[in-house]
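Engineer: coordinates only, sequence not included:
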């Protein structure tokens, strides 16, 4: 009997996990999902994520691929998972996919949001776990200019941890959109790209914030983008304000299409 | 030298505490504040709360009164506290008060909000810790009617735990406002009264929700309000969706007035 291929769309509070990827001694999202699925399905069910979020990074749209027995309709599987998973992981949706679907390699793009609080109340316990409480005035025009610099296809070696990705010699990413938007109590950086390098969003935000604080010249953004090393990048912004929001796949991979 | 009387306005995530009141073996908000103040001031500083929130109940406007050495200006004290307190307690404001100020007995009114999520995403880990994820359709007209019933001065013995308050034989409260309001993803119950009995808001919400789910007749609201016992009340709504929002004091108790 054929297995059923299912895409899970996941929310999780990254503050409770040592990142996405299964580790022997740490609580991870992949680990929790695989344990829960093994119990539900009474068999091992490997889980493939669209991206391996770091410790502390949240998701409200991470995608994961699994293969399960045909009896598991996506709707029933989602309900069973949500009844069984701990409260810090939630399955927002489950879609049946064509067998050739691969959560990581089929993805067309990912979208991340980095949340910055600029009012005093950003330090409140209801906001602090999920946003960066910024104490310095930020020059918004410099943020907008920096964001515009990175749109398009570039080598992002200057904004990545060196050599940690499996494709360590390919640093090209196509940034489809990058912009700062206003939100109540502060602002947020939204970025969508075909792929992201390790720590890339946090390096981009860390550098843009230093420019907007007036501590680095605006020109460093382009200089880092054009350099072949990462020695000029600012420290990465903290993980706890970063959300993986959405992973996009070709419509043709969904079984309910065409 | 006279002591300085200061009102602290506090936010805290109730999910991290065994309630407000100091206990020997549990982490409580009063306990954490008193430990932090004792370290800062190198002397014991008793903290009086406007109300003793239960385990799990949040605050984004609890008020507390302290007396400190005159060298502690409220602004400097607030900054020192926020630099020292753990991240789940935050001092939103500090006001110098007249010596006769008492955080509990001077309060004119308290306002609470109970947050109910009615969309599917209320189960997400970013909302579940702070709102009730309601699975049943709610009859909004019945909620509104029930809220109107309780406005005014009534004996709330029917909506309280028996005999736990020090003033166990006085159950009269003046409810200045009580209403359900719409919010993104659901609704919320706001109530303001001169005082609240033990578990009163949670009993009120628990009963109103049962009426709005169609499980109890609308008339029970008034019947419980007019009864001299609490045997007909529905179970209290869970603590984790309740916020103490604001405590009001006479303007004349603030030193910067008049």
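Structural biologist: Received the coordinates, thanks. Note that the coordinates shown come from a computational prediction; the quantities given were computed from them, not determined experimentally.
Engineer: wait, what's in contact with the residue lying closest to residue A:238 once chain neighbours are set aside?
Structural biologist: Spatial nearest neighbour of residue A:238, chain neighbours left out: residue A:132 (6.0 Å); criterion: Cβ to Cβ, 6 or more residues apart in numbering or on different chains. Heads up, the C-betas are built off the backbone N, CA and C, glycines and all. Residue A:132 is in contact with A:114-117, A:122, A:237-238, A:240-241, counting by Cβ atoms under 8 Å, 6 or more residues apart in numbering or on different chains.
Engineer: All the helices of the stretch 1-150 of chain A, residue numbers only.
Structural biologist: For the stretch 1-150 of chain A, the helices defined by DSSP state H, counting those that start in this stretch cover A:29-41, A:74-84, A:140-150.
Engineer: Reformat those as CSV; add distance to chain B, mean neighbour count and mean pLDDT.
Structural biologist: As requested, the helices of the stretch 1-150 of chain A are exported to CSV (distance: least, Cβ to the nearest Cβ, whole Å; neighbours: other Cβ atoms under 10 Å in any protein chain shown; pLDDT from 0 to 100):
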stretch, distance to chain B, mean neighbour count, mean pLDDT
helix A:29-41, 11, 19, 97
helix A:74-84, 7, 16, 96
helix A:140-150, 25, 17, 97
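Engineer: Please report how far residue A:211 lies from residue B:80.
Structural biologist: 32 Å (Cβ to Cβ, to the nearest Å).
Engineer: Next: residue A:184.
Structural biologist: 28 Å.
Engineer: Surely residue A:153 touches residue A:171?
Structural biologist: No: with contact defined as Cβ atoms under 8 Å, residue A:153 does not reach residue A:171; the gap is 11.1 Å.
Engineer: Tell me which of the two has more neighbours.
Structural biologist: Set side by side, residue A:153 and residue A:171 show more neighbours around residue A:171, with 20 against 12, by other Cβ atoms under 10 Å in any protein chain shown.
Engineer: Give me the residues contacting stretch A:39-47.
Structural biologist: A:8, A:30, A:33-34, A:37-38, A:64-69, A:72, A:77, A:80-81, A:84.
Engineer: mind running it again at 7 Å?
Structural biologist: With Cβ atoms under 7 Å, 6 or more residues apart in numbering or on different chains as the test, stretch A:39-47 has contacts from A:30, A:33-34, A:37-38, A:64, A:66, A:68-69, A:80-81, A:84.
Engineer: For the stretch 151-258 of chain A, which residues score under the pLDDT cut-off?
Structural biologist: By pLDDT under 70, the weakly predicted segments of the stretch 151-258 of chain A are A:163-168, A:257-258.
Engineer: 50 instead, please
Structural biologist: A:165, A:258 (pLDDT under 50).
Engineer: The closest residue to chain B within it - how many residues pack around it?
Structural biologist: Chain B sits closest to residue A:243 of the stretch 151-258 of chain A, with a gap of 9.1 Å, by Cβ to the nearest Cβ. Counted with other Cβ under 10 Å, residues neighbouring residue A:243 total 25.
Engineer: likewise residue A:162?
Structural biologist: Around residue A:162 there are 13 residues (other Cβ under 10 Å).
Engineer: and it, what does it touch?
Structural biologist: Contacts of residue A:162 by Cβ under 7 Å, 6+ apart are residue A:230.
Engineer: With residue A:210 instead?
Structural biologist: Here residue A:210 is in contact with A:216, A:234 (Cβ under 7 Å, 6+ apart).
Engineer: part of a helix, is it?
Structural biologist: Yes: counting by DSSP: H, G, I helix; E, B strand; the rest coil, residue A:210 is part of a helix.
Engineer: For residue A:81, which non-adjacent residue is closest in space?
Structural biologist: Residue A:81 sits nearest to residue A:91 (Cβ to Cβ, 6+ apart), 4.9 Å away.
Engineer: go on, residue A:106?
Structural biologist: That would be residue A:249: by Cβ to Cβ, 6+ apart, it lies 5.3 Å from residue A:106.
Engineer: Ramachandran angles for the residue lying closest to residue A:225 once chain neighbours are set aside?
Structural biologist: Using Cβ to Cβ, 6+ apart and skipping residues adjacent in sequence, the residue nearest residue A:225 is residue A:154, 5.5 Å away. Per-residue torsions, residue A:154: phi -140, psi 160 (degrees, to the nearest 10).
Engineer: Save the helices of the stretch 1-150 of chain A as a markdown table, and put in distance to residue B:194 too.
Structural biologist: Converted to a markdown table, these look like this (distance: least, Cβ to Cβ, whole Å):
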| stretch | distance to residue B:194 |
| --- | --- |
| helix A:29-41 | 47 |
| helix A:74-84 | 42 |
| helix A:140-150 | 45 |
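Engineer: so which of those helices gets nearest residue B:227?
Structural biologist: helix A:74-84 (37.7 Å; Cβ to Cβ).
Engineer: just checking, what packs against that closest one?
Structural biologist: helix A:29-41, strand A:89-97 (3 or more Cβ pairs under 7 Å, 6 or more residues apart in numbering or on different chains; DSSP states H and E).
Engineer: Can you tell me which residues in the stretch 1-150 of chain A are near chain B?
Structural biologist: A:11-13, A:60, A:82, A:87-90, A:92, A:121, A:123-126, A:128 (Cβ under 7 Å from any Cβ of the partner chain).
Engineer: mind redoing it with 6 Å?
Structural biologist: Residues of the stretch 1-150 of chain A found near chain B (Cβ under 6 Å from any Cβ of the partner chain) are A:11, A:13, A:87-88, A:90, A:123-125, A:128.
Engineer: Could you find which two of these are furthest from each other?
Structural biologist: Farthest pair in the residues of the stretch 1-150 of chain A next to chain B, by Cβ to Cβ: A:90 and A:123, 26.7 Å.
Engineer: Settle it for me: which of the two has more neighbours?
Structural biologist: The residue with more neighbours, out of residue A:90 and residue A:123, is residue A:90; 25 against 18, by other Cβ under 10 Å.
Engineer: Name the nearest residue to that one, sequence neighbours excluded.
Structural biologist: residue A:11 (4.5 Å).
Engineer: For the one you found, give me its contacts.
Structural biologist: Counting by Cβ atoms under 6 Å, 6 or more residues apart in numbering or on different chains, residue A:11 touches A:60, A:90, A:92, B:124-125.
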